[in-house]
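# coordinates only, sequence not included:
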Ligand SMILES: Cc1cc2nc3c(=O)[nH]c(=O)nc-3n(C[C@H](O)[C@H](O)[C@H](O)COP(=O)(O)OP(=O)(O)OC[C@H]3O[C@@H](n4cnc5c(N)ncnc54)[C@H](O)[C@@H]3O)c2cc1C
């Protein structure tokens with residue numbers, strides 16, 4: 001299987017973060033071998049033809065955070081086949097009563113439309129963006145550097161970015177994001193889409209210390225929302241081509257069984273029974289996989305017991321349609337371009353989370369709908385549509401002795417029923433489907449307990465505490481072992497910052 005059994009660095013796992021770390025190393029002239037257990041690269045950023053003629057993403061689809069990083073330019077990924085399609089409007093919130101809220105890349109256009117529909121809201125939106133643009137820049141800088149314990153406080157107090165008094169900033173940052181949107185906006189139809197986007201990281205709108213999930217909202221206007229042409233997985237395909245063009249090897253169907261530790265240092269891996277040696281090992285898998293399954297017991301860090309993985313939070317139904325979606329509130333293409341935020345009001349979010357806490361699937365789930373065939377004609381046959389429905393909140397572990405095999409069919413229909421309230425007639429257009437419940441996410445993508453962010457994104461597991469205190473510098477519990485991926489700072493999502501930050505640490509140590 002292996003072209004060579006000795007590398008400068010072996011990377012375990014070809015998720016986008018592992019590939020990004022490997023690409024930087026290969027670009028710097030190091031010999032890199034990437035080992036991925038699935039039959040395709042990309043992990044939670046991959047695309048497959050699941051229904052004949054229809055390309056389905058298997059994980060993340062909206063590329064937002066990575067657009068704020070220099071990764072695509074630094075690695076010249078356009079030369080390796082990556083083309084981004086911009087989604088503008090970025091977000092649309094159609095409501096069952098016929099109102100529609102659009103959030104465009106341009107702040108003024110967004111604010112002007114809001115002001116026309118809900119007097120006072122446009123001005124509030126402009127003030128919100130003005131107030132928090134500086135803080136959002138600070139967040140972006142922190143994402144792109146290794147975390148340090150006092151960084152956040154130092155940036156807030158001494159950082160050049162803030163227009164606000166830092167005591168005022170702190171008050172909002174410490175609040176639940178649901179409170180932050182309430183304090184800025186009187187109109188429920190403006191609050192709700194902002195809170196629903198913030199909820200995509202996992203924590204509910206009532207959780208203290210989550211203000212930043214909505215306070216970085218100005219960054220959407222800076223970087224926009226985009227999609228690789230051909231599907232989300234075209235990012236990871238381009239990364240693979242980059243690594244191979246720089247002399248690296250990328251192996252699929254290559255499950256790593258063990259990290260070899262010799263004289264206290266990571267000396268290589270055992271994969272499919274073969275030994276592969278290296279100067280350094282970079283594990284880009286879930287932290288639980290690294291600590292519990294790959295490291296010999298003697299080197300398993302105590303912190304492995306404290307990882308907070310949570311109980312999942314979302315599920316995805318991917319549908320192939322033979323005709324485009326048509327929203328009752330706003331027929332036509334404009335409503336099908338960006339992320340479609342289908343949540344009536346904040347109470348719907350609270351209700352869904354309440355049921356989740358009790359171990360029950362939401363009976364009235366808010367949805368994010370996506371129809372990227374509206375901007376990319378490679379995803380569906382002529383006249384067809386891909387429709388993806390992401391719903392929250394859905395526990396991995398169900399109460400009352402239920403299991404997902406028993407309820408999956410019912411929940412699929414529930415998501416379609418919800419969508420029918422916004423776009424009647426969609427059910428009749430369905431020609432194929434894939435349902436990704438929390439057990440599917442765990443067994444197929446290695447996302448333990450269905451958490452798409454690997455670990456819960458609460459403040460107790462962010463910055464210097466991700467994956468755990470003492471292990472947040474991208475260096476693992478034995479020397480020459482490095483960690484990257486969503487289990488490390490700054491966490492989950494298609495961003496690549498963890499991959500880039502880890503590469504910088506590795507490059508410094510190797511040289
Ligand atoms: C359904 C879904 C929808 C999402 N939507 C969005 C979205 O729209 N926007 C967004 O920003 N984020 C989204 N996310 C989240 C985002 O996709 C993930 O947080 C992110 O892609 C994680 O990337 P990663 O490289 O850190 O880890 P992973 O993608 O988890 O990569 C880890 C890799 O390691 C491999 N591996 C594990 N163990 C081994 C082993 N022993 N040997 C070899 N290989 C191994 C795995 O197979 C995998 O390929 C979504 C995720 C899912 C699942």
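Perfect, thanks for sending it. Here the structure is a predicted model, which means the values were calculated and not measured. Residues are numbered from 1 along each chain as shown.

# point me to the residue of the stretch 51-200 of the chain nearest the ligand.
Proximity of the stretch 51-200 of the chain to the ligand (CB to the nearest ligand atom) peaks at residue 60, 2.7 Å away. Yep, even glycine has a C-beta here, placed from its N, CA and C like the rest.

# tell me the gap between stretch 124-135 and the middle of its chain.
Distance of stretch 124-135 from the chain centroid (CA atoms, centre = their mean, to the nearest Å) equals 24 Å.

# alongside the ligand, which residues does the chain contribute?
Taking CB under 6 Å from any ligand atom as the contact definition, the chain meets the ligand at 12-18, 35-38, 43-45, 59-62, 64-65, 255-256, 284-285, 289, 316, 436, 441, 445-447, 452-453, 485-486, 492-494.

# returning to that earlier point: what count of nearby residues applies to the residue of the stretch 51-200 of the chain closest to the ligand?
Neighbour count for residue 60, taken as other CB atoms under 10 Å: 22.

# could you pull up the residues touching it?
44-45, 232, 452, 493-494 (CB atoms under 8 Å, 6 or more residues apart in numbering).

# is it in a helix, a strand, or coil?
Following DSSP: H, G, I helix; E, B strand; the rest coil, residue 60 is assigned to coil.

# now it, nearest residue through space, not along the chain?
Counting by CB to CB, 6 or more residues apart in numbering, residue 60 lies nearest to residue 494, which is 4.6 Å off, once chain neighbours are set aside.

# which SS class is that neighbour?
Per three-state DSSP, residue 494 ends up coil.

# any weak-confidence spans in this structure?
Scanning the chain for pLDDT under 70 picks out the ranges 1-4, 149-164.

# and if we set it to 80?
By pLDDT under 80, the weakly predicted segments of the chain are 1-5, 148-168.

# domain map for it?
6-46+231-300+454-510, 108-220, 310-450 (automatic domain parsing).

# in a markdown table, list those domains along with mean neighbour count.
Converted to a markdown table, the domains of the chain look like this (neighbours: other CB atoms under 10 Å):
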| stretch | mean neighbour count |
| --- | --- |
| domain 6-46+231-300+454-510 | 22 |
| domain 108-220 | 19 |
| domain 310-450 | 19 |
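
# can you list these in CSV and add distance to residue 53?
Putting the domains of the chain into CSV (distance: least, CB to CB, whole Å) gives the following:
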stretch, distance to residue 53
domain 6-46+231-300+454-510, 13
domain 108-220, 29
domain 310-450, 4
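
# so which of those domains comes closest to residue 86?
domain 310-450 (8.3 Å; CB to CB).

# and the closest one, end to end?
9 Å (CA to CA, to the nearest Å).

# again, but for stretch 245-253
Chord length of stretch 245-253, first to last residue, is 21 Å (CA to CA).

# which residues are in contact with that stretch?
1-4, 7, 14, 19, 22-23, 25-27, 29, 31-41, 80, 240, 243-244, 271.

# could you tell me how far stretch 316-327 lies from the centre of the chain?
22 Å.

# before we move on, what about stretch 478-490?
Distance of stretch 478-490 from its chain centroid, counting by CA atoms, centre = their mean, is 17 Å.

# state the distance from the spatially closest residue to residue 46 that is not a sequence neighbour to the ligand.
Counting by CB to CB, 6+ apart, residue 46 lies nearest to residue 233, which is 4.1 Å off, once chain neighbours are set aside. Noted for residue 233: a distance of 11 Å to the ligand, by CB to the nearest ligand atom, to the nearest Å.

# what are the neighbouring residues in contact with residue 233?
By CB under 8 Å, 6+ apart, the neighbours of residue 233 are 40, 42, 45-48, 57-58.

# then residue 214?
177, 180-181, 194-195, 197-198 are the contacts of residue 214 under CB under 8 Å, 6+ apart.
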